[in-house]
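**Student:** My questions concern the predicted model and sequence given below.
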Amino acid sequence: MSFSSDIIEWYNKHHRHLPWRETDNPYYIWISEIILQQTRVVQAISYYHDLITHFPSVEDMAQASEESILQLWQGLGYYSRARNLHATAREIAHKHHGTFPASYHDLLALKGVGPYTAAAIASFAFNLPHPVIDGNVMRVLSRYIGISDPINSSKGKKLIHDALSALFDNNNPANFNQAIMELGALICKPTSPDCDYCPVRSECFARNHGCVDILPVKSKKKPARNRYLHYWVIENQGNYLLHRRTANDIWKNLHEFLLIESPVPLTEFDILNANPIHPDIVLSKPDFVHHQIHQLTHQTLYVQFYHLHTMHFEPKNDFFWVKEYELKNYSMPILLRRFTDKYLI
DNA sequence: AAAACGGGGAC
DNA sequence: GTCCCAGTTTT
């Protein structure tokens, strides 16, 4: 029939039942779409549930602290999403008087909402005719149309955009968008796609030319850089020294122990010889040392934890003491959360 | 246009 | 190990 009717018919029969598909409330759609940015559906589900349970309305989220949202976001990564979620909830509650923006243009103006998310909310919550372009859509169209330019290049993106405009179904925006993304997720997968079950296989360029496994083309990305993190896990009578990261770096606004970082490897001797607090503050030898490698997309972290004791002192700058059993109440990157769970709780 | 921003899962 | 995930923001 047509691309749109083919994929929508397939979608109606085979789609997954996901929590955010049971609602057209823009607030819930918004939360789900922010979570789903660069995040797999299976990982998103429990976070979505936790967030809407703690903050049933945008006013609830607006009244909450950023820290409380970061705590619920722990382990999900790309923490600017959580910070923007909080800022945008306040923006909507106060400047929009609690009414969610209902146009693509107004949605796009929200922090953390880009072209994809604005189109997703516009179509799913308001059934407005804005096509979404995400990783699924780019993969489906690069194969279906036969786009050999890298999909992360300007030319590739324009070809995708133009092809999508031609195929888009203005009469069924929400269903079209759901269908094409679901097709990418379930059938037109990155590796070993199930072309035999694809509703549009007969007109698919890649299928007809035997190049399903080389499309989409993507230009290479930079290799990860190395960072060497030395955490001083300093204890005084069941209290631990903590602070909040505020630099424009990974884990902004999350908490951590005292950190000494070097761009090159250092020995334990090098590290422990330098007192990071003050010459007058006596530190014990470490009780134990834990080391591990933590792989991020653009960085490889070589991490050492030195657990040691000290006398009480008044922390400088933004450091403060936290009782061991209250460490769980401070947002931390998953790397540190796992360390405290394993050794300190 | 390119880089930065997390973490997990599939291969 | 590599790639990619319902991308956005900053440089």
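**Tutor:** On my side now, so go ahead.

**Student:** show me what contacts the residue nearest to residue A:145 when sequence neighbours are not counted?
**Tutor:** The shortest distance from residue A:145 to any non-neighbouring residue, by Cβ to Cβ, 6 or more residues apart in numbering, is to residue A:163 (4.7 Å). Every residue, glycine included, has its C-beta placed from N, CA and C. Residues near residue A:163 by Cβ atoms under 8 Å, 6 or more residues apart in numbering: A:141, A:144-145, A:147.

**Student:** cool, and residue A:156?
**Tutor:** Counting by Cβ under 8 Å, 6+ apart, residue A:156 has contacts A:142, A:147, A:149-150, A:216-217.

**Student:** thinking again about what came up before, how about the residue nearest to residue A:145, secondary structure?
**Tutor:** Under DSSP: H, G, I helix; E, B strand; the rest coil, residue A:163 falls in the helix class.

**Student:** Distance check, it against residue A:157.
**Tutor:** Computed as Cβ to Cβ, to the nearest Å, the residue A:163 to residue A:157 distance reads 11 Å.

**Student:** Repeat that for residue A:266.
**Tutor:** To residue A:157, residue A:266 is 43 Å away according to Cβ to Cβ.

**Student:** Over to residue A:298?
**Tutor:** Here residue A:298 is placed at a distance of 21 Å from residue A:157 (Cβ to Cβ).

**Student:** Please enumerate the strands of the stretch 1-150 of chain A.
**Tutor:** For the stretch 1-150 of chain A, applying DSSP state E, counting those that start in this stretch gives no strands.

**Student:** likewise the stretch 151-300 of chain A?
**Tutor:** A:225-236, A:239-244, A:255-256, A:258-262, A:288-295, A:299-309.

**Student:** Among the contacts of residue A:156, the buried ones, what's the PyMOL command?
**Tutor:** A single PyMOL command suffices to select whichever of the contacts of residue A:156 are buried according to 16 or more other Cβ atoms under 10 Å:
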select buried, chain A and resi 142+147+149+150+216
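
**Student:** Around DNA strand B, pick out the residues from the stretch 101-250 of chain A.
**Tutor:** For the stretch 101-250 of chain A, the contact set with DNA strand B under Cβ under 7 Å from any atom of the strand comprises A:153-154, A:191-192, A:219, A:221-222, A:225, A:248-250.

**Student:** farthest-separated two in the residues you listed?
**Tutor:** Farthest pair in these (Cβ to Cβ) is A:192 and A:248. Separation: 39.7 Å.

**Student:** how about the lowest-mean-pLDDT helix or strand in chain A as CSV, C-alpha atoms only?
**Tutor:** Least confident helix or strand of chain A, by mean pLDDT, DSSP states H and E, is helix A:268-273 with a mean of 76. The C-alpha trace of helix A:268-273 is given here as CSV (Å, rounded to 0.1, in the frame of the first residue of the first chain):
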residue,chain,number,x,y,z
GLU,A,268,50.6,4.7,45.2
PHE,A,269,53.8,6.1,46.7
ASP,A,270,53.5,9.3,44.7
ILE,A,271,49.9,9.8,45.8
LEU,A,272,50.1,9.0,49.5
ASN,A,273,53.2,11.1,49.9
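
**Student:** Packing partners of that helix?
**Tutor:** When contacts are defined as 3 or more Cβ pairs under 8 Å, 6 or more residues apart in numbering; DSSP states H and E, helix A:268-273 sits against strand A:299-309.

**Student:** what angle separates the strand it packs on from strand A:258-262?
**Tutor:** Going by axes from the mean of the first three to the mean of the last three Cα atoms, to 10 degrees, strand A:299-309 is angled at 140 degrees with respect to strand A:258-262.

**Student:** mind listing what's buried in the least confident helix or strand of chain A?
**Tutor:** Residues of helix A:268-273 classed as buried by neighbour count (16+ other Cβ under 10 Å): A:271-272.

**Student:** quick one on the thing from earlier: determine which member of residue A:298 and residue A:157 has the greater number of neighbouring residues.
**Tutor:** residue A:157 (16 against 10; other Cβ atoms under 10 Å).

**Student:** Measure how buried residue A:292 is and give me the count.
**Tutor:** Residue A:292: 12 surrounding residues under other Cβ under 10 Å.

**Student:** domains of chain A?
**Tutor:** For chain A, the structural domains run A:3-209, A:225-344, going by automatic domain parsing.

**Student:** from the ones you listed, which stretch is densest packed?
**Tutor:** Mean neighbour count (mean count of other Cβ atoms under 10 Å) peaks for domain A:3-209 among these, with a mean of 18.
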